[in-house]
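J.: pasting a predicted model and its sequence here:
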Amino acid sequence: MIARLIAVIGAAASLVFMFRTGRNNTSSMLMVMFAGWIMLPFVGLAVAELKSKAWSPMRRATLQSLMLVLGVASPLLYSGAIPMPGTVRPAFIFLMFPLVSWAAMGISLFLASWLGRRRHDRSSAT
């Protein structure tokens, strides 16, 4: 429940920071596309949570952890609170962080599922 709330607040804050950063952009279509791109990891987490009822406890805990991490990290990164090298432009962060988020989500959930199966196989073999 807490993880879901933090993810929702993080998603909303991410959008606020994206619109604030792009306030001088004249392309409405570009802003809509960025908004959709930034929201996709949060939508993915929401869909995963809806389907997670039948998942192993380890995989559900991993999902909850991902919701917490992305819910906190996204607004921090988009707000500029996390220092970046001077050559990194804001658009790069808004483009790459959702991609990195998807990669982290996929790898984490895969590993949790794989480790959960290995643990189950070991306990059933004895």
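T.: Arrived safely.
J.: what ranges do the helices span in the protein?
T.: With DSSP state H applied, the chain shows helices at 2-21, 28-51, 57-79, 90-125, listed in chain order.
J.: can you report phi and psi for residue 25?
T.: The phi/psi pair for residue 25 (degrees, to the nearest 10) reads phi -80, psi 130.
J.: leaving out sequence neighbours, find the closest residue to it.
T.: residue 31 (6.0 Å; Cβ to Cβ, 6 or more residues apart in numbering). Glycine gets a C-beta too; all of them are placed from N, C-alpha and C.
J.: counting neighbours, what do you get for the one you found?
T.: The local packing of residue 31 (other Cβ atoms under 10 Å) involves 15 other residues.
J.: now it: how far from residue 86?
T.: 25 Å (Cβ to Cβ, to the nearest Å).
J.: cool, residue 13 as well?
T.: Relative to residue 86, and taking Cβ to Cβ, residue 13 is found at 24 Å.
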